[in-house]
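Q: would you be able to build a 3D model of this:
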Amino acid sequence: MFKQTRTLVYLAVLAALSIVFGRILSVRVSLGGIEGIRIGLGGLPIILAGFAFGPWYGGVVGALSDIVGYMINPMGAYAPHFTLSAYLTGFIPGAVIWYGCKGQRKYWQLVLAVLVGELATNVGLVPYFLYTLFEIPYKPMLIPRLCSVLIQAPFYAYCAKVILNFKPLKLTDMSGQPKP
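A: Residues are numbered from 1 along each chain as shown. Model prediction:
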């Protein structure tokens, strides 16, 4: 029971971080009066959940962070298309690592997993949804989004590698008693 509770708490913290990073601490670039590109770290906690806990958990963190983030800070009408995209942002990299790489987390594998997921969602689905819902032209968004994905993928993979390999300090002395 303890492990399930700890996992739930970690996933909730990652979802909260995604909301803060994506909705509050990000830069929005407007295209045609509608947000076209968002530059920030909102995808990192979602991808990290997929790497650490598996693709299904990464997907749930992505979907929940999109839904709760919309409730806290709505930017236009709710569109479930973007919730699907947020779900896939966590699911695809997690699936590449857990099933394609058999759980190994070498740096190049993390970069590949992030690249596959980000290309599918941020370069493929999101511009398509923006075009079908708001008639924002598809082609002008491709180059900036592709450039941002090519910059973000190695950075996200590096951050994930550092966080996943982090060993917390033991806060006890030699006798096993907690330090004051």
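Q: which SSE is immediately downstream of the lowest-mean-pLDDT helix or strand in the chain?
A: Every helix and strand of the chain was ranked by mean pLDDT, DSSP states H and E. The lowest is strand 34-39, at a mean of 66. Going down the chain from strand 34-39, the next helix or strand is helix 43-53, by DSSP states H and E.
Q: give the buried residues for that next one.
A: Within helix 43-53, the residues scored as buried using 16 or more other Cβ atoms under 10 Å are 43-53. No exception for glycine: its C-beta is placed from N, CA and C like everyone else's.
Q: one more: stretch 104-123?
A: Neighbour-count burial for stretch 104-123, counted by 16+ other Cβ under 10 Å, picks out 105, 109-123.
Q: ends of it, how far apart?
A: This stretch, stretch 104-123, spans 26 Å end to end (Cα to Cα, to the nearest Å).
Q: mean confidence score for it?
A: On average, the pLDDT along stretch 104-123 is 94.
Q: do the same with stretch 136-143
A: 83.
Q: tell me how far that stretch lies from the chain's centre.
A: Offset of stretch 136-143 from its chain centre (Cα atoms, centre = their mean, to the nearest Å): 22 Å.
Q: what about the longest helix in this protein?
A: In the chain, with assignment by DSSP state H, the single longest helix is helix 139-164.
Q: from the contact counts, what lies against it?
A: Helix 139-164 is packed against strand 27-31, strand 34-39, helix 43-53, helix 107-118, helix 126-134, with contacts defined by 3 or more Cβ pairs under 8 Å, 6 or more residues apart in numbering; DSSP states H and E.
Q: one more time with 7 Å, if that's ok
A: Here helix 139-164 touches strand 34-39, helix 43-53, helix 107-118, helix 126-134, going by 3 or more Cβ pairs under 7 Å, 6 or more residues apart in numbering; DSSP states H and E.
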